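>>> sharing a sequence plus its predicted fold:
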Amino acid sequence: MKKSRLKLLAKALAGLVGLVAVLATFVALVPPYKNAVQIDFTRHLSWHHQGAGNAETDQKTFFGVPGAARLIVTSDSRATSATIRLNGETVASLANFDEARQSEFQVTLAKDNRISVVVTGAPGSSVSVRVKQVANLEMHVQSRIHFNANVRDFAASRAFYGKLGFETISGFPDTNTLGMAQAIGIKTPTSYDGSQGTSAGGYLLRGELIGPGGFGGGIIDLIEFKIPRNDEPPYTHINHLGMAKAAMYTTNIAADYEYMTRMGVRFIAPPTARSDGTLFAVFTDPDGIFYELREVEGADKATDTTHIVRVDRLNINVSDFERSRAWYQMMGYDVTERFASSDSVDVARAMGFEDGFEVNGALLTHRGDDSTVELVQWIKPHNPERAYPIPVNHIGMHRTAFLTGDIEADVATLKSQGVQFLSGITPCCSGENSSSSIIAFYDPDGTIVELADAGFVSKILNALRWFRTWTDTKDSKTSEPAH
């Protein structure tokens, strides 16, 4: 009897091993997720005023891919004249602009380009000069993993987010290699002595991945950097360049506002309705990091905390919407909703602006996982200050990370488009033998973006996405009406 049970157990184990082998083979054979896309990049953008500089002294340099491009000149007056020289040759000479006050010219770019502009005409007249170039790319970005929130006191902040209903999804090492330190912008060894593990001169932190509903509810990478430490406060308004806020979706904003107010949470204003009917309220965490509580439809339920079901809609403020829209298209995001340029006085005040606001922006949705980004250029009030510098330890939302199925191919593509990196690809996050890897780089305004390749996990997710796409395609074909 005992032997027969052992035989059955052995057969079951053999079957399980065989199944795992089949699944591993399937995962390995599925081609990596990739997305071919045509992008109209802005390679250069500048503004020039009458009487400011000349063609010999007022030169600007910019990156390009050798080949055809378009030069677009826009004037604030029909009476303005301008001469544009590119790589030592005059490519545009405009005596007067037409009624549209815009002219376009075909030009040829090198890898490294020099442009100069001289504006004449009425005193105070000006032109903007934009160079655009189309590129066909393939990227392997599957999804957004998380965005980061740096805090002063991890324990206190973790307790705060816990009262909002956020749970621990995963922990990660408090220390790491010098390579990982360099990957997040730490250029010189720190004062960390190595007594708590890994390399001396690296970083020391305390952090967790947290979320309101597991991986499907969005993830915040909550970190207290101890070494190196930076206690500078976060952005004071939501119009600062960089990642200024994110949205927490709730099914009952009135109940959550009352509950959070009793907790002592600071809201800019009570829940307010936008012109499209959306109810929202902007609040800050204990360190002053901005979040937008945003009501969505859904079944209400009894809860000891909030009715928050998801964190998403990461806000990234940019200096030029057109340029950044194309750049984030490269990361997998497409425009799915354009924003109204302004709204009521009540809405402006609910965002912290007494004198109204004007924006050029849109909601972008990722092709892989449907995560969203609010890409916003603030026209009024305008704040030209750069996003947080490196290393990525500033209090506030300092970086966001994306999952890729082929980090080496994506890095090569990004480099071909002039993207600047903080370091090379680095093993992450448990030493030199880690199966995963990361790399960080800058968007056009200096906001930190990160790519991560999770090794076999990336391959599994890639296989699941392929299988889901295949079944969806099969279902759509079987449901087609007969002709």
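Ah, there it is.
>>> secondary structure class for the one residue sitting closest to the centre of the chain?
Within the chain, the residue whose C-alpha comes closest to the C-alpha centroid is T400; the distance, by CA atoms, centre = their mean, is 5.2 Å. Of the three states, T400 takes strand according to DSSP: H, G, I helix; E, B strand; the rest coil.
>>> tell me, how many residues neighbour the closest residue to it other than its chain neighbours?
Counting by CB to CB, 6 or more residues apart in numbering, T400 lies nearest to F147, which is 4.2 Å off, once chain neighbours are set aside. Quick note: C-beta positions are derived from backbone N, CA and C, even for glycine. Using other CB atoms under 10 Å, F147 has 24 neighbouring residues.
>>> make residue 1 into 31 and carry on from there
All right, first residue 31 from here; so that's F177.
>>> what's the average pLDDT for the strand or helix carrying F177?
Assignment of secondary structure by DSSP states H and E places F177 within strand 171-180. Strand 171-180 shows an average pLDDT of 95 in the prediction.
>>> how far does the following helix or strand past it sit from the chain's center?
Sequence-wise, the next helix or strand downstream of strand 171-180 (DSSP H and E) is helix 184-193. The chain centre lies 24 Å from the centre of helix 184-193; the measure is CA atoms, centre = their mean, to the nearest Å.
>>> which residues sit against helix 184-193?
Contacting residues not belonging to helix 184-193 are listed as 179, 181, 236-238, 240, 250, 252-254, 293, 315-317, 335 [CB atoms under 8 Å, 6 or more residues apart in numbering].
>>> try it again at 10 Å.
Helix 184-193 is contacted by residues 179-181, 183, 196-198, 235-238, 240-242, 250, 252-256, 289-290, 293-295, 315-317, 319, 334-336, 341 when judged by CB atoms under 10 Å, 6 or more residues apart in numbering.
>>> buried residues of that helix, list them for me.
Using 16 or more other CB atoms under 10 Å as the test for burial, helix 184-193 gives 184, 187-188, 190-191.
>>> for the residue nearest to the centre of the chain, which residues are in contact?
Listed by CB under 10 Å, 6+ apart, the contact partners of T430 are 174-178, 251, 273, 276, 344, 346, 361, 401, 403, 473, 477-480.
>>> which stretches of the chain have low pLDDT?
Counting by pLDDT under 70, the chain has low-confidence residues at 31-63, 82-87, 126-130, 460-463, 485-513.
>>> and it, what are its domains?
The record, using automatic domain parsing to delimit domains, assigns the chain the ranges 73-164, 171-430.
>>> let me have those in JSON lines, adding distance to A439 as columns.
Supplementary listing: the domains of the chain in JSON lines, determined by distance: least, CB to CB, whole Å:
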{"stretch": "domain 73-164", "distance to A439": "17"}
{"stretch": "domain 171-430", "distance to A439": "11"}
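>>> nearest to S467, out of those domains?
domain 171-430 (9.2 Å; CB to CB).
>>> counting neighbours, what do you get for the residue nearest to R343 when sequence neighbours are not counted?
Once flanking residues are discounted, R343 sits nearest to A277: 3.7 Å by CB to CB, 6+ apart. A277 is surrounded by 21 other residues when neighbours are defined as other CB under 10 Å.
>>> surely A277 is in contact with V339?
No - in this structure A277 lies outside contact range of V339 using CB atoms under 10 Å: 11.4 Å.
>>> mutual contacts of the two, please.
Taking CB under 10 Å, 6+ apart as the contact criterion, the residues that touch both A277 and V339 are 248, 326.
>>> how far does the helix or strand harbouring E238 sit from its chain's centre?
Using DSSP H and E, E238 sits within strand 234-241. How far strand 234-241 lies from its chain's middle: 19 Å, per CA atoms, centre = their mean.
>>> show me where the stretch 381-513 of the chain has its helices.
Taking DSSP state H, counting those that start in this stretch, the helices of the stretch 381-513 of the chain run over residues 437-446, 486-508.
>>> for the residue nearest to T430, give the beta-bridge partners.
According to DSSP bridges, I250, T430 are recorded as the beta-bridge partners of F177.
>>> now do the contacts for it.
By CB under 10 Å, 6+ apart, the contact set of F177 is 248-251, 273, 276, 341-342, 344-346, 401, 403, 427-431, 480.
>>> one more: V326?
V326 is in contact with 277, 279-281, 283, 308-309, 337, 339-340, counting by CB under 10 Å, 6+ apart.
>>> so which of these is the most crowded?
The member of these that has the most neighbours, counting by other CB under 10 Å, is T280 with 29 neighbours.
>>> that residue reaches E288, doesn't it?
No - under the criterion of CB under 10 Å, T280 is not in contact with E288, lying 11.9 Å apart.
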